[in-house]
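Q: Predicted model and sequence below, questions to follow.
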Amino acid sequence: MLQPADTRPMTRRETEVRRFVRDRYGLRGTLALHRHALGLDLLRAPVNVMLSPLFLLVRLGAPILRRLRLLRAADWLAGRQIFLKSDVARQIRADLAYFIDDLADKDLAPKAPPESIARAVADYAETRNAVAEISTSLIVLVAGLVLFHRPTPGVISLAGPIAHLQAQAQAVRDFALGTWAGRMWYWAFPAELSTAKLVLTGIGLAMLASVITTFAGLIADPVQLWTGIHRRRVMRLLRRLDRAENAPALEREHVLARLGDLSDLALSLWRSLKG
């Protein structure tokens, strides 16, 4: 005998969330979304990557100010818009806002004020940007392991080996006795790496990494859909609104992205001191 479908509000909400993330972040949906990145987003991306540490400081500073009873200062800091608004982020915010409005029409949306919903939607878009940074860090890490057999959690630690490889290749090509003799000579006596070469390589890699970050969602979105991460993230947002939490939370994705930067810096310093 067939059992009647469960029509409890939370179950119906979860069904709607599953449908939303499947349509938005499936292969077809993410391709449509990333069409918005073909434009000024390619210029905004490197700026947003550089602003990421400032974003983390702002999000950590606001709760500290609240604990110190400096509520007005905390609210002012929490309301600062750090990142440049990308076209992809605007589309994500518009889609999620429309989805929440649709939930409201079905009496499934959180009973939260409009300003709280708008803040939560903005936080969601910023969190997705942090996931794109994490995806780029993983790509850089794999590139370092494959090419140089060493962990490179970020652009800083990858710049040195690539700059050294370029310096070696240039020195071999310019060797007076030919490339064969040059390979033998510079195998025994590696070419010196100039600071200017290292800095220029780092800048070039940072620009490339920002472009990869812009389009990282083409891979990250379907993976997060298949693993249920997108669904859980939207449900987490809705539960926060149910609890009427007005203060923006520092999502774990932002912490992971910055931990990658810190580990990259620490590893580079350790190698420079060791060398």
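A: Arrived safely. What you see is a predicted model, and the numbers here were worked out from it, not measured in a lab.

Q: measure residue 31 to residue 218 for me?
A: 7 Å (C-beta to C-beta, to the nearest Å). Glycine gets a C-beta too; all of them are placed from N, C-alpha and C.

Q: And residue 131, by the same measure?
A: 12 Å.

Q: before we move on, the earlier item: the more surrounded of residue 31 and residue 218?
A: residue 218 (16 against 13; other C-beta atoms under 10 Å).

Q: can you tell me the helix or strand for that one?
A: helix 217-226 (DSSP states H and E).

Q: what comes up buried for that helix?
A: Neighbour-count burial for helix 217-226, counted by 16 or more other C-beta atoms under 10 Å, picks out 217-218, 220-222, 224-225.

Q: Report the angle between the following helix or strand past that helix and helix 217-226.
A: Per DSSP H and E, the first helix or strand lying C-terminal to helix 217-226 is helix 229-242. Relative orientation of helix 229-242 with respect to helix 217-226: 70 degrees, computed using axes from the mean of the first three to the mean of the last three C-alpha atoms, to 10 degrees.

Q: and helix 229-242, what does it pack onto?
A: helix 9-25, helix 114-148, helix 217-226 (3 or more C-beta pairs under 8 Å, 6 or more residues apart in numbering; DSSP states H and E).

Q: Using PDB, write down the CA coordinates of that helix.
A: C-alpha atoms of helix 229-242 as PDB (Å, rounded to 0.1, in the frame of the first residue of the first chain):
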ATOM      1  CA  ILE A 229      27.300  20.900  -0.600                       C
ATOM      2  CA  HIS A 230      25.200  23.500  -2.500                       C
ATOM      3  CA  ARG A 231      22.000  22.100  -1.000                       C
ATOM      4  CA  ARG A 232      23.400  22.200   2.500                       C
ATOM      5  CA  ARG A 233      24.700  25.700   2.100                       C
ATOM      6  CA  VAL A 234      21.300  27.000   1.000                       C
ATOM      7  CA  MET A 235      19.500  25.100   3.800                       C
ATOM      8  CA  ARG A 236      22.000  26.600   6.300                       C
ATOM      9  CA  LEU A 237      21.200  30.100   5.000                       C
ATOM     10  CA  LEU A 238      17.400  29.500   5.400                       C
ATOM     11  CA  ARG A 239      17.900  28.100   9.000                       C
ATOM     12  CA  ARG A 240      19.900  31.200   9.900                       C
ATOM     13  CA  LEU A 241      17.100  33.300   8.700                       C
ATOM     14  CA  ASP A 242      14.600  31.200  10.600                       C
END
